[in-house]
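Visitor: for reference, the sequence and a predicted model appear below.
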Amino acid sequence: MNWTSLLNWLIPKKRQVEIPQKVPVPLHPERHHWLKPYTVGLFYPERSIFLIRNPETDISHRLFEFAYPAAHWLPVTGCWDHDGIMGCGLYDPGAALFLLRNRDDSGYPDQQVHCGSVRPECLPIAGDWLGEGRDRVGLFDPVAAEFLLRTDDQPRMLACRFTLDVPAGRYLPIAGDWDGDGVDGVGLYASETGTFYLRNALSDGPADHVFCLGTPNAGIWPLAGDWDGDGCDGVGCYDPQTGVFSLKDRFTAEEAGQSIPFGLTNLRGLPLAIRWNGWGFSHIPTDAVMAEYLRFVPPETPAE
């Protein structure tokens, strides 16, 4: 036996290890005990106050301040850091800037995301575009009717761009996991007709679901969330005139499954959906106490 043969016999060859391709895993309740149903909330830009509804009781809601009061803020929510806990965020259309916090409480932003050169009319959304267990931000450009999604960590980059094939009109954007595959899709809501258009794929094409919810021409705001904790998102409407959320799990012509009145009287709030974390409650029992906390002064009663 020569030296080469002896060395080959003494030293084992390296094994070729095949690295499996990463496949998005749906976040189902049986796999993740922390996955709870979503609840509704409101953001009040003039006070920079988030008010989150406690779905378990009507006397202990979550109330906190974030950033500084400004009328231009638009709210977003998402799990920004892979830990399964949803946090809050704000978007400044003038600066094309997101301020994101990993928790739903007061404090400084954990992330600042600049979107580069975009139109000031763009509206914010957030979703898990890659099925990686964390949410990223995005925008909907109503002028070009185009979605602009952030799919990597490059600064000032919104690399994923596509349009949804819908009739011409004015739309408000939403995002959600419509089919339970762990990857969020997008949607548009036409408030003039009360029609939702939802698409599963993040690409050009028609809607996979089209249905109506909400009163046409009533200034309805759309939202999306997993209302029953089954791993699939549903949709909802918020009527600012009545202060009522209408939530729906199925994409059919049926009426909403839940109607929830919520919010502060006589303050303009923007609706949002977020998973109820179940800790760190702010014990604010009634609207009267919340109004006092906000130093809210009701408008004068008109003279008869």
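Guide: Sure, I can see it.

Visitor: pLDDT weak spots in this protein?
Guide: Low-confidence segments of the chain (pLDDT under 70): 1-35, 59-60, 156-157, 278-304.

Visitor: how far away is the nearest residue in space to residue 169 that is not next to it in sequence from residue 259?
Guide: Leaving aside its chain neighbours, residue 169 sits nearest to residue 190 (5.2 Å; criterion: C-beta to C-beta, 6 or more residues apart in numbering). Glycine gets a C-beta too; all of them are placed from N, C-alpha and C. Per C-beta to C-beta, to the nearest Å, residue 190 is found 21 Å from residue 259.

Visitor: neighbour-wise, which of those two wins?
Guide: residue 190 (20 against 13; other C-beta atoms under 10 Å).

Visitor: now for that one: which residues touch it?
Guide: 166-167, 169-171, 197 (C-beta atoms under 8 Å, 6 or more residues apart in numbering).

Visitor: would you list the residues you listed in a markdown table and tack on neighbour count, distance to residue 255 and secondary structure?
Guide: Output for the contacts of residue 190, formatted as a markdown table (neighbours: other C-beta atoms under 10 Å; distance: C-beta to C-beta, whole Å; DSSP: H, G, I helix; E, B strand; the rest coil):
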| residue | neighbour count | distance to residue 255 | secondary structure |
| --- | --- | --- | --- |
| 166 | 17 | 23 | coil |
| 167 | 9 | 24 | coil |
| 169 | 13 | 23 | coil |
| 170 | 11 | 24 | coil |
| 171 | 22 | 22 | coil |
| 197 | 21 | 19 | strand |
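
Visitor: which two of those have the greatest separation?
Guide: 170 and 197 (12.8 Å; C-beta to C-beta).

Visitor: which parts of the protein are helices?
Guide: Applying DSSP state H to the chain gives helices spanning 3-10, 287-293.

Visitor: skipping adjacent residues, who's closest to the residue most central in space within the chain in space?
Guide: The chain has residue 77 as the residue nearest its centroid, 4.5 Å off, counting by C-alpha atoms, centre = their mean. Residue nearest to residue 77 in three dimensions, not counting chain neighbours: residue 274, with 4.4 Å by C-beta to C-beta, 6+ apart.

Visitor: would you agree the one you found is in contact with residue 37?
Guide: No: using C-beta atoms under 8 Å, residue 274 makes no contact with residue 37, being 10.7 Å away.

Visitor: neighbours of residue 104, just the number please.
Guide: Neighbours around residue 104, by other C-beta under 10 Å: 21.

Visitor: any idea what the nearest residue to it once chain neighbours are set aside is bridged to?
Guide: With C-beta to C-beta, 6+ apart as the criterion, residue 104 has its nearest non-adjacent residue at 5.2 Å, and that residue is residue 88. Note on residue 88: beta-bridge partners by DSSP bridges are residue 77, residue 101.

Visitor: now the strands for the stretch 51-200 of the chain?
Guide: With strands called from DSSP state E, counting those that start in this stretch, the stretch 51-200 of the chain shows them at 62-65, 74-78, 87-92, 97-101, 111-114, 123-127, 136-141, 146-149, 160-165, 172-176, 185-190, 195-199.

Visitor: one step back: higher neighbour count, residue 274 and residue 37?
Guide: Comparing residue 274 with residue 37 by other C-beta under 10 Å, the one with more neighbours is residue 274, at 24 against 14.

Visitor: tell me the contacts of the more buried one?
Guide: So residue 274 contacts 38-39, 41, 52, 77, 86, 88, 104, 225 (C-beta under 8 Å, 6+ apart).

Visitor: closest to residue 177 among the residues you listed?
Guide: Using C-beta to C-beta, residue 225 comes nearest to residue 177 of the contacts of residue 274, at 10.1 Å.

Visitor: thought the closest one was touching residue 245?
Guide: No: judged on C-beta under 8 Å, residue 225 makes no contact with residue 245 at a distance of 10.2 Å.

Visitor: joint contacts of the two?
Guide: What both residue 225 and residue 245 touch, as defined by C-beta under 8 Å, 6+ apart, is the set 40, 236.

Visitor: looking at these two, which is more packed in?
Guide: residue 245 (25 against 22).

Visitor: what bridges to that one?
Guide: With DSSP bridges as the rule, residue 245 is bridged to residue 238, residue 260.

Visitor: check contacts around it.
Guide: Residue 245 neighbours (C-beta under 8 Å, 6+ apart): 40, 223, 236-238, 258-262, 271.

Visitor: just the buried ones among those, please.
Guide: 40, 223, 236-238, 260, 262, 271 (16 or more other C-beta atoms under 10 Å).

Visitor: show me which pair in those residues is furthest apart.
Guide: 237 and 262 (12.9 Å).

Visitor: residue 124 touches residue 136, doesn't it?
Guide: No: the criterion here is C-beta under 8 Å, and residue 124 misses it with residue 136 at 11.5 Å.
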